[in-house]
Structures are given as structure tokens and as C-alpha cells.
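In: Got a predicted model here, sequence first, then my questions.
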Amino acid sequence: MIRDRSPVGWHLWVVGIVALLWNGLGCFDYFMTQTQGDGWLANMDPSELQMAWFHGMPAWTDAAWAIGVWGGLSGAILLLLLRKWALHAFIASLLGWAASAVYTVGLSNGMVALGAWWPMLIVKGGICAFFVWYARIAGQKGVLR
């Protein structure tokens, strides 16, 4: 049986490419941090407090970060391929962000360490939530298979 699908709107391609770029940058940052360590972080001119906070993160936060960025990149690719699994990948990304946010806000001095950059935590969460919402709507409209 052939399923009647809604036509793909131009906005899906815009959202998909933005998601690809946004999450691709996150994956690049994650990869560089894992492979270059302090050398990469030094490019951002961190304070001693920020470096101490970063080095004090438990392994599960690193795993959450990986799930967040790689899940987001997978979601973007799946969205561009019109696959319904994009929603699941974006949800994994949002959960990765949420775990990181719990650590940053509630289990560490992350808000102090981030200083003026703490609003970026909220921006990242909002963007993750937007991608989940968009993939959900696209799936409900039959655009994703």
C-alpha cells in the first residue's frame, strides 16, 4: 500500500541544513576537544575557573555531550533524508543537552564558571527543542517516512 505523503516544503530543507550546520559545529567542537584537549580549549581563552570546571566533569557528562551533538547531527541527516527516525535522534540530542544542563546548573558550579556565557545553555536547549518539535510536526504531516 502506498502512503499518501504531503509534499516537502522548502522550510524542511532550510531547517535540515541549519540543523546540519549547527550540529556539525557541535560535533567538530566535541571532536577537537577530545583529540586536542587543552590546546583546543585555549583557543576560547578560558579562565582558570572554567578550565577547572571542565576538567572536573564526570565521564557521564562527556557521554551526554557526545549523545547531544552526534544525536543532533544524525537527526539533521535523517531529516534531510526524510526519515521518521530524525525525531528519535533529535530527542536523544535533547536528552543529552538536558543531562549536561542538570550537571551545569544543579550538580556543579557551572553557572559561575560559565559566567556571562550561561545564557548559551538555554539557547542550545531551545534549539534542540525546536528540532524535536519540527521533526514531530513533519512526521505527523506524513513528510517523513
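Out: That came through, no problem. Residues are numbered from 1 along each chain as shown.

In: Relative to the whole chain's centre, how far out is the helix ranked longest in the chain?
Out: Across the chain, the longest stretch assigned as helix under DSSP state H is helix 10-36. Chain-centre distance of helix 10-36: 8 Å, with C-alpha atoms, centre = their mean, to the nearest Å.

In: So which elements touch it?
Out: Counting contacts by 3 or more C-beta pairs under 8 Å, 6 or more residues apart in numbering; DSSP states H and E, helix 10-36 is packed against helix 38-41, helix 59-80, helix 119-140. Quick note: C-beta positions are derived from backbone N, CA and C, even for glycine.

In: Pull out the buried residues from the first one.
Out: Looking back up the chat, that one is helix 38-41. Leu41 (16 or more other C-beta atoms under 10 Å).

In: so the helix or strand just after that helix versus helix 59-80, what angle?
Out: Helices and strands here follow DSSP states H and E; after helix 38-41, the next one along the chain is helix 48-55. Angle of helix 48-55 versus helix 59-80, following axes from the mean of the first three to the mean of the last three C-alpha atoms, to 10 degrees, is 80 degrees.
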